[in-house]
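Peer 1: next input, structure requested:
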Amino acid sequence: MHGEKTDPGSDFTVALQHPSCSLPADRFRRVLTHVLSAEGITVRRLVLVVAGRKTVQNLHRRYRACDEPTDVLAFDYHPAKEEAKEQVVDGEIYIDFDTARERCREFGADEEEEAMRYAIHGLLHLIGYLDKTPVEKAKMHALEDRYLRATGY
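Peer 2: Coordinates of the predicted model:
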């Protein structure tokens, strides 16, 4: 595992824990930094962990009381976003690289693009986007597509 920070003004770490993930941390950082900039968001702390199914499912069970696999989990630590004058992200995102590798072809993507989609999806949740209704899901998917295209995917 290795992680790096973006700049001294923020705490943004990418931890590559999955043994088969050969993507550089700076690719994830570049994509998520683009999303943050486009959304006008400041980073207080952001941790992205690229992990395997077992790790993500264990977190899902422990913190969401759901013993099923999931592709991405986002944990928001920023209290009272609606009261803040500036939008701030303070949280962690865990993506399941095993699922990205298995499902990417189903969506006409490669494993890198699918993993980036999961990372963007998690970040959008931390920003405040929801995906509980069909309209919310469609909006998030459109944003994911836009940010993937804007960053070369």
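
Peer 1: checking my notes, residue 91 in a helix, right?
Peer 2: No - counting by DSSP: H, G, I helix; E, B strand; the rest coil, residue 91 is not part of a helix but strand.

Peer 1: so who does it touch?
Peer 2: Residue 91 makes contact with 45, 46, 47, 74, 75, 76, 77, 78, 126, according to Cβ atoms under 8 Å, 6 or more residues apart in numbering. All C-beta atoms are positioned from the backbone trio N, CA, C, and that covers glycine.

Peer 1: any idea of the pLDDT on it?
Peer 2: Residue 91 carries a pLDDT value of 96.

Peer 1: for residue 69, same thing?
Peer 2: Residue-level confidence at residue 69 comes out at 90, pLDDT.

Peer 1: cool, residue 87 as well?
Peer 2: For residue 87, pLDDT reads 87.

Peer 1: isn't it up against residue 127?
Peer 2: Yes - assessed by Cβ atoms under 8 Å, residue 87 is found in contact with residue 127 at 6.9 Å.

Peer 1: and for those two, which residues touch both?
Peer 2: Jointly contacting residue 87 and residue 127 under the rule Cβ under 8 Å, 6+ apart are 39, 41.

Peer 1: so those two - more neighbours on which side?
Peer 2: Using other Cβ atoms under 10 Å, the more surrounded residue of residue 87 and residue 127 is residue 127, with 20 against 15.
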